[in-house]
Structures are given as C-alpha cells and as structure tokens.
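Engineer: fold the following for me, if possible:
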Amino acid sequence: MHSDLPKLVEKYGVDVGKDVKQIVDAIERLKMELNRDRQFLLFHGSEPDKSEWNAFLTELPRPKKTFFRACWLHAECYLYRRIFSFFENSRFLHNYDCFDHLKQEDLMISDAAMKVLAQATRDLPKSFENFSKLLRINLWGNHFEMQLGAYPFGAEDNLKDINVLARVANIDKVLLVNDSTLVWNCLLKPGQNGTVDYICDNGGFEFFTDMVLLEYMVDHNLATQVRLHVKAIPWYISDLTRADVEWTMDYLVRHEDECLSAVGKKWARLMSSQKIVIAPTSYFWTGPQPYFVMVESDLELYRLLTDSKLAIFKGDLNYRKLMGDYIWDSAEEFITCLRGFRPTNICAMRAVKCEVVCGLPEGMADSLLRSDHTWMISGSYGLIQYTDSLKCSCALAGEESSDKPEHWGALVPARSERSSAVLTPLL
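Structural biologist: All right, here's what the predicted structure looks like:
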C-alpha cells in the first residue's frame, strides 16, 4: 500500500493517507491477535455479510473460536474477511484490492504460454479427446506455464498441436481420479438446461486457461451459457473477482500480439452476447461454511445451481469446502463426502495440496505414501471427480449407480486416516 500511495493520492487526494495508515495499523493488530491466539472478533462495520459472519462466529464452540484452535477453513476464511473489512470501513478505499497487482503480473509474465495455448486451440474440432486435453491443461494451470519454458521440444513437435501441449501439461503429474468421460457424457446429454456454472478459483494465467476451456464448451454447444462465479471481495490473494475478469478482457483486447488480441475480442463478444456471464454476486463463496449447508445459508444461490446442467468447482479451496474440510478415508466415495450437496451434476477439479481427499481406489493412498511422502501437498497429483445430481443420471451405460441415500444421517461416516476418530476436522 505504501508503494501505491502516490497513485492513491493522485486519485483520492492527500486525505487517503489517513486511510492507508489506519488500514496498516489494523493489519498489525490482526497479526498480534493471530500470534497470541486471540478469539475471533465480531464484525461491526459496513460489511454486507456481517450478520451471517457474526451468527456463524457466535455459534462456534468456545474452544474453536481462536486462530490456532479453529479448523483451517474457519481460521483462514476469517483472516481474509477481516483484512478486507479494514478497506470496506475506510473513507476512500472500500473497493481497493491490495492483491490485484499480483494477479495482473501473473498474467502479464505468461504471455508466451498464452500465445502458444491460444494458437493451438483456435478452431479445435469437437471431440472427447480434445475436451479431455483441455481439462488437463486447465487442471494443471500454472504448472503448464512453467513447464512450457523447460520442455525439451523435438524438431517434430508443433506448438500449435494440442496433443503436444497436453503432453507438456502432464509432465511429472499424475491424475489419480479421472471422471472426464462422465463430465463429457453429462454435457452431451439432451433435454436439459444447457447452462454450466463454473465456480472459479484463481485469476492470472489460470483464468486464461479457464476461458480457453469454457470457450470450447460454448463454441461446440456443450453449454448454451456459462455462468462465472467469482469472489465478491479480494480473497486468498489470487482468487478471481469481477474486476479481475474485466481487467483481463481489457488487457487481452489491447494486446499487441494479434492472436491474443483476437482471443480477447472474441471472449468480449461471448460476454456481451451473454454466452459467458458473471453470475450474481454471492458472499457465500467468501464465507466459512462448507457447501453442504448452502441450501440453508444461501437458498437463492442453491436454486441458481439447480437450474444448470453442470457445476464445475475449480481448485483446492472449493474442494475443501465441498468436503467440509474433513479428513475423509481416502477411499470414501466422492458422492458420500458431499454430504447431500447435489443441487446439480457436479465436477470437482483440483491439484491435491492438502490432506482432504476422497474417491481413490482402495489402497492407493498407502501406496502413494510409501513412494512419495509429499503426495498430499506437492500439487503433483490431481483429481477430476464427477457425480450426478439427485434428479439426473448421466453415468455410462452399464455402470452401477453410485447413488447414496439423500439424507446425510443415513450415510455411514468415514474414518480418518490419521486416527480412529470419525470424521476428523483438519486443524
């Protein structure tokens, strides 16, 4: 913020300096609260979601109301919500994103990867093979950008070939569960609403790969409309906001590279024609709740999801919220771990970066641990998991249905891999 002060003074006047000082002081106090394991404080300012947050904090058990004793999901979400509340309650900076320059830099330093990916995906034919390759490139995101510069291309390799780029993206990566076929079948299924909800993760280059995938889906009528669900406030440093979407489109449209500029203009047309839209803002995405309580906490959002034929949840944080941030038995079925949250057909895509994981074949976790003790945190292993909604069955013909009882109380709880306790929250 201090480095931005001259620009802020030019925009708002010298009085903005008082805001900057107050915000910096508030962040220092927050650091002190964290270091001393202080109790979570209620929100008393102009935060639009303060009543929901305060109700949640009030209902937490007393031992779980401090930074070190709360589960990760609650503590981390509370931390970022408190940080932005300092801006919201300032005089001038209530819409200021202190992380936007990091997301913008991430995109700008990825020009080479964007050019290659853009060229390879123009006029890509409709096929499951191409779709599955785009899913993998999208899943590995920033890894693809880093690998591109180090990949030992041979003379026969064509950077405009999607097969080559998919090979680059998959270097040193392992897909532990791959339900791409089920996702494809869901998108091809006739007689249902063609809308796809895409719950975004990060901005920067990752959002570029998101748009490449979504463009392909719209171009080939796999989706009649895509709704982007972005964060209502700056979140977890790199998460995508509406302002990030707008900045990205403007950056690409104005780009000096002809191909990237053309891509930006096409995406802008898709948005202006409502083929790709930003969904109505919901503060549920920046709340501390797991997704299985959405029907109670944000019924409007839940109903919106029920209106689509597929919801794709991208990234590790979305996965943790889908799982309730519990350490499930790694072989427990994905459908069970959702705890009844099935407003529509669901696909979860994430690189594994924490101990929250499910749906693996029996014994795989133990085998992975013997060969790579960092497998849960390295980001080298990925999941593409799918389950039908309660109202639809899009599984492959001949496959046994994996449906479980709708009511969570009817499900057999999983056991933690790290202890004999039932459903251990991740601390």
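
Engineer: and Tyr80, how far from Ser110?
Structural biologist: Between Tyr80 and Ser110 the computed distance is 24 Å (C-beta to C-beta, to the nearest Å). In this view, the C-beta of every residue, glycine as well, is placed from N, C-alpha and C.

Engineer: tell me which of these two has more neighbours.
Structural biologist: Taking other C-beta atoms under 10 Å, Tyr80 and Ser110 do not tie; Ser110 has more neighbours (21 against 18).

Engineer: surely the more buried one touches Gly204?
Structural biologist: Yes - using C-beta atoms under 8 Å, Ser110 is in contact with Gly204, at 7.2 Å.

Engineer: contacts for whichever helix in the chain runs longest, please.
Structural biologist: Taking DSSP state H as the assignment, the helix of the chain that covers the most residues is helix 16-35. For helix 16-35, the external contacting residues (C-beta atoms under 8 Å, 6 or more residues apart in numbering) are 1-2, 5, 8-9, 38, 41, 67, 79, 82-83, 86-87, 90-93.

Engineer: how about that helix: buried residues?
Structural biologist: Buried positions in helix 16-35, judged by neighbour count with 16 or more other C-beta atoms under 10 Å: 16, 19-20, 23, 26, 30, 33-34.

Engineer: returning to that earlier point: report the buried members of the contacts of helix 16-35.
Structural biologist: So, of these, 8, 67, 79, 82-83, 86-87, 90, 92-93 end up buried under the neighbour-count rule (16+ other C-beta under 10 Å).

Engineer: all strands for the protein, in order.
Structural biologist: Along the chain, the segments classed as strands by DSSP state E run 174-178, 195-199, 225-229, 276-278, 310-314, 326-327, 346-351, 381-387, 424-425.

Engineer: give the rounded mean pLDDT of the fifth one.
Structural biologist: Taken as a whole, strand 310-314 has an average pLDDT of 99.

Engineer: and the angle for it with strand 225-229?
Structural biologist: 40 degrees (axes from the mean of the first three to the mean of the last three C-alpha atoms, to 10 degrees).

Engineer: that older thread, tell me which two in the buried residues of helix 16-35 are the farthest apart.
Structural biologist: With C-beta to C-beta as the measure, no two of these lie farther apart than Val16 and Leu34, at 26.8 Å.

Engineer: how far does the longest helix of the chain sit from its chain's centre?
Structural biologist: A distance of 28 Å separates the centroid of the chain from that of helix 16-35, by C-alpha atoms, centre = their mean, to the nearest Å.

Engineer: and it, C-alpha only, in CSV?
Structural biologist: Written as CSV, here are the backbone C-alpha positions of helix 16-35 (Å, rounded to 0.1, in the frame of the first residue of the first chain):
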residue,chain,number,x,y,z
VAL,A,16,-6.3,9.0,1.6
GLY,A,17,-3.0,8.8,3.5
LYS,A,18,-5.1,8.6,6.7
ASP,A,19,-6.9,5.5,5.3
VAL,A,20,-3.6,3.9,4.5
LYS,A,21,-2.2,4.4,8.0
GLN,A,22,-5.4,3.2,9.6
ILE,A,23,-5.5,0.0,7.5
VAL,A,24,-1.8,-0.8,8.1
ASP,A,25,-2.3,-0.3,11.8
ALA,A,26,-5.4,-2.6,11.7
ILE,A,27,-3.4,-5.3,9.9
GLU,A,28,-0.7,-5.0,12.5
ARG,A,29,-3.2,-5.5,15.3
LEU,A,30,-4.7,-8.5,13.4
LYS,A,31,-1.2,-10.0,13.3
MET,A,32,-0.9,-9.6,17.0
GLU,A,33,-4.2,-11.3,17.6
LEU,A,34,-3.2,-14.2,15.4
ASN,A,35,0.2,-14.6,17.1
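
Engineer: shouldn't Asp111 be in contact with Glu256?
Structural biologist: No - Asp111 is beyond contact range of Glu256, at 9.5 Å (criterion: C-beta under 8 Å).

Engineer: what about the two, which has more around it?
Structural biologist: Asp111 (15 against 7).

Engineer: in contact with the more buried one: list those residues for me.
Structural biologist: 257, 260.

Engineer: ok, and the closest non-adjacent residue to the residue nearest in space to the middle of the chain?
Structural biologist: Taking C-alpha atoms, centre = their mean, the centroid of the chain lies closest to Asp201, which sits 2.7 Å from it. Spatial nearest neighbour of Asp201, chain neighbours left out: Gly315 (2.9 Å); criterion: C-beta to C-beta, 6 or more residues apart in numbering.

Engineer: and that neighbour, how far is that from Asn142?
Structural biologist: In terms of C-beta to C-beta, Gly315 sits 11 Å off from Asn142.

Engineer: the more surrounded of these two?
Structural biologist: Shown here are Gly315 and Asn142; by other C-beta under 10 Å, Gly315 has more neighbours (23 against 18).

Engineer: tell me how far that one lies from Asp15.
Structural biologist: For Gly315, the distance to Asp15 - C-beta to C-beta - is 39 Å.

Engineer: start and end of stretch 210-226, how far apart?
Structural biologist: 11 Å (C-alpha to C-alpha, to the nearest Å).

Engineer: again with stretch 332-347
Structural biologist: 17 Å.

Engineer: residues of that stretch that come out buried?
Structural biologist: Under the neighbour-count criterion of 16+ other C-beta under 10 Å, stretch 332-347 has 332-347 buried.

Engineer: try stretch 149-162
Structural biologist: In stretch 149-162, counting by 16+ other C-beta under 10 Å, buried: 151, 159, 162.

Engineer: the first one contacts Ala166, doesn't it?
Structural biologist: Okay, so that is Tyr151. No - contact between Tyr151 and Ala166 fails when scored by C-beta under 8 Å: they sit 11.9 Å apart.

Engineer: redo the buried residues of helix 16-35 as a markdown table? Include distance to Leu213 and pLDDT.
Structural biologist: Formatted as a markdown table, the buried residues of helix 16-35 follow (distance: C-beta to C-beta, whole Å; pLDDT from 0 to 100):
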| residue | distance to Leu213 | pLDDT |
| --- | --- | --- |
| Val16 | 40 | 96 |
| Asp19 | 39 | 96 |
| Val20 | 39 | 96 |
| Ile23 | 37 | 97 |
| Ala26 | 39 | 98 |
| Leu30 | 37 | 98 |
| Glu33 | 40 | 97 |
| Leu34 | 37 | 96 |
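
Engineer: will you turn these into TSV that also has distance to Tyr283?
Structural biologist: Shown next, in TSV, are the buried residues of helix 16-35 (distance: C-beta to C-beta, whole Å):
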residue	distance to Tyr283
Val16	26
Asp19	23
Val20	26
Ile23	21
Ala26	21
Leu30	20
Glu33	23
Leu34	23
